Every structure is written in C-alpha cells, then in structure tokens.
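Novice: how would this look folded up:
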Amino acid sequence: MKAISTEIRTIDTSSGTIRYTFERKEIKNINLRIRHDGQVFVSAPDSVSQTTIDAFVAGRKDYIFHTIADFQQQDVPCSEMQYVSGENVTFLGKNLRIKVEKDSREYVSSDGIYVFIHVKRPDYYNRKKNLLNSWLDEQRRAVFGEIMQDAHNRFTAYHVALPELRLRNMTSRWGSCQPKQGIITLNKRLIEAPKSCIEYVVFHELCHFVHPNHSKQFYTLLQVMLPDWRERKTLLERCVAI
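Specialist: From the prediction side, this is the model:
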C-alpha cells in the first residue's frame, strides 16, 4: 500500500534511543515492522496522533531491542557461507545448488541438482544453517552406514565384527579406528567426496581391524580388498582438502 507521507523519527526510552521510519497509510491500525538489518518501520492511519504513535513505539521498546539483538546474533561474516539461494553444497563429489523456500514446514530435501531449504523465516541464518547441517548428518549416517555394511561383508572371513560408526569434524585425517573397542570414526567432510573415495577410507580402516599398523601385510590386504585404492586416495586428496 502506497504511503501518504513518510518521515524519520527518534524517541528516547529507558532502554535507549529508537529511530524509526514512520509512514501514514490508508489503514485501520498501527503496524510495526523490524527488518533483518535492524531498521524499524511504523505505519498508522491519518487519524492517529503523533503522540499516540510515539507512545506506541515506546511501549514496545523491549520487543524492539530484543528483536534487533536477535537479528544481530544471526549475522555472520561475509566470508562464511550465508545459506542463501544460489550457494553450493558439495555432496558426494557434486555441487548442489541451494534454494531457500519460505514454507510453513521446516525441512531440507534434494532432487540431486538442488538442495531445498524449507524454512518459515528465509532471513533466519542460524535456522537455515542448523536445518542444512542436520540434513547433512542424516545423509552421512545413511551413506557411510551403507558403505560400511557393504565393505564389512568382505571382512567376515577375518572374523571382524561390524564396527560402531561415529562421525566427527577432523582437521588432519579422513578416519580413525579403535579395533579393540570396535569403533570406526569418519570425518564429516567425507560427504563432500565421491562415493568411491569414502569406500577407500572405510576399507582402509577395516583393514586395521586385521592388521593394526601400516605394515606390509596391511597394504597387501588393502590391495586385495581394493586394487585401485591408490587412485581413490589421489582423487580424495584432489577433491577435498583438509
């Protein structure tokens, strides 16, 4: 609705100074909006006095300052991922394009080309980030778990029990294992790599359940289990840097 008149007003409150853009419009009630950048907008019908409008804004000072602080906490440096439409997510060696869609339900889905982030508030950085990270963790569990199960089938002759799978953010390795405890831990960033590279890391760790070292016997077993492991390792190092 087109504004009849617009002005910038400033009022002092016990919580601080509020600067807001005031618009006269052909509406019935006083409306208050706060943008993500912290700007406050108030609109009101021509019949409402300026004193009443200032009192209206002052009476909502706690809400205004709380909302602005909430938006500021959502801000992130421009060098980091913004979680907006057009950005890419690397998934199993492919770049999937993000599409943020306003929705009454909040969830993430993908058609293999796009990753759709359905969210009630498209400008809410933290919510989009958490939704996408939760979805990626679900994909990691599913993809890594399936690879682990398939690879483990090759090790039954060595009486290796199916290890417990754990996920971690790791800065210097793709995976680690604790054969005595029956645990394999995989780097979360492996979800960025092609599936063949993830298979290499899983086979590498499973071989340690038979030979808990990097001996000649270990590499002989790895060669038998995965003859092209060197090519897969090279591809991994080229695709995802840590």
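Novice: can we go C-alpha only for contacts and neighbour counts from here?
Specialist: Noted.
Novice: my guess is Arg173 contacts Asn187, does it?
Specialist: Yes. Under the criterion of C-alpha atoms under 8 Å, Arg173 makes contact with Asn187 at 7.2 Å.
Novice: neighbour-wise, which of the two wins?
Specialist: Taking other C-alpha atoms under 10 Å, Arg173 and Asn187 do not tie; Asn187 has more neighbours (20 against 11).
Novice: and the more buried one, what does it touch?
Specialist: Counting by C-alpha atoms under 8 Å, 6 or more residues apart in numbering, Asn187 makes contact with 167-170, 173-175.
Novice: Could you identify the most distant pair in these?
Specialist: Farthest apart among the contacts of Asn187 by C-alpha to C-alpha are Leu167 and Arg173. That separation is 12.3 Å.
Novice: Point me to the helix or strand that includes Ile64.
Specialist: helix 61-74 (DSSP states H and E).
Novice: Looks to me like Ser47 is in a strand.
Specialist: No. Using DSSP: H, G, I helix; E, B strand; the rest coil, the assignment for Ser47 is coil, not a strand.
Novice: count of neighbours near Ala69?
Specialist: Neighbour tally, Ala69, other C-alpha under 10 Å: 12.
Novice: how near is it to Met170?
Specialist: 33 Å (C-alpha to C-alpha, to the nearest Å).
Novice: repeat for Phe71
Specialist: Separation of Phe71 from Met170 (C-alpha to C-alpha): 31 Å.
Novice: neighbour-wise, which of the two wins?
Specialist: Using other C-alpha under 10 Å, the more surrounded residue of Phe71 and Met170 is Phe71, with 19 against 15.
Novice: so what's that one up against?
Specialist: Counting by C-alpha under 8 Å, 6+ apart, Phe71 touches 36-38, 124.
Novice: and which of the contacts of Asn187 is nearest Asn153?
Specialist: Gly175 (19.4 Å).
Novice: So what sits opposite the closest one in the bridge?
Specialist: Leu186 (DSSP bridges).
Novice: Neighbours of it, how many?
Specialist: When neighbours are defined as other C-alpha under 10 Å, Gly175 has 20 of them.
Novice: can you list the weak-confidence ranges in this protein?
Specialist: 1-4, 72-79 (pLDDT under 70).
Novice: in it, what residue sits furthest out from the centroid?
Specialist: Distance from the C-alpha centroid of the chain, by C-alpha atoms, centre = their mean, peaks at Ser47 (47.3 Å).
Novice: Any chance of the backbone angles for it?
Specialist: Reported as degrees, to the nearest 10, the phi and psi values for Ser47 are phi -80, psi -10.
Novice: how much space between it and Phe144?
Specialist: In terms of C-alpha to C-alpha, Ser47 sits 65 Å off from Phe144.
Novice: And Leu226, by the same measure?
Specialist: From Leu226 across to Phe144, the span is 17 Å (C-alpha to C-alpha).
Novice: if you count what's nearby, which of the two comes out ahead?
Specialist: Set Leu226 next to Phe144 and count neighbours by other C-alpha under 10 Å: Phe144 wins out with 23 against 15.
Novice: Let me see the domain layout of the protein.
Specialist: 5-74, 88-137, 139-239 (automatic domain parsing).
Novice: Of all the ones you listed, which one is nearest Met81?
Specialist: Among the domains of the chain, the nearest to Met81 by C-alpha to C-alpha is domain 88-137 (8.9 Å).
Novice: can you pull out the strands in this structure?
Specialist: In the chain, the strands defined using DSSP state E lie at 5-13, 16-24, 31-34, 40-44, 88-91, 94-102, 107-110, 114-119, 164-168, 175-178, 183-187.
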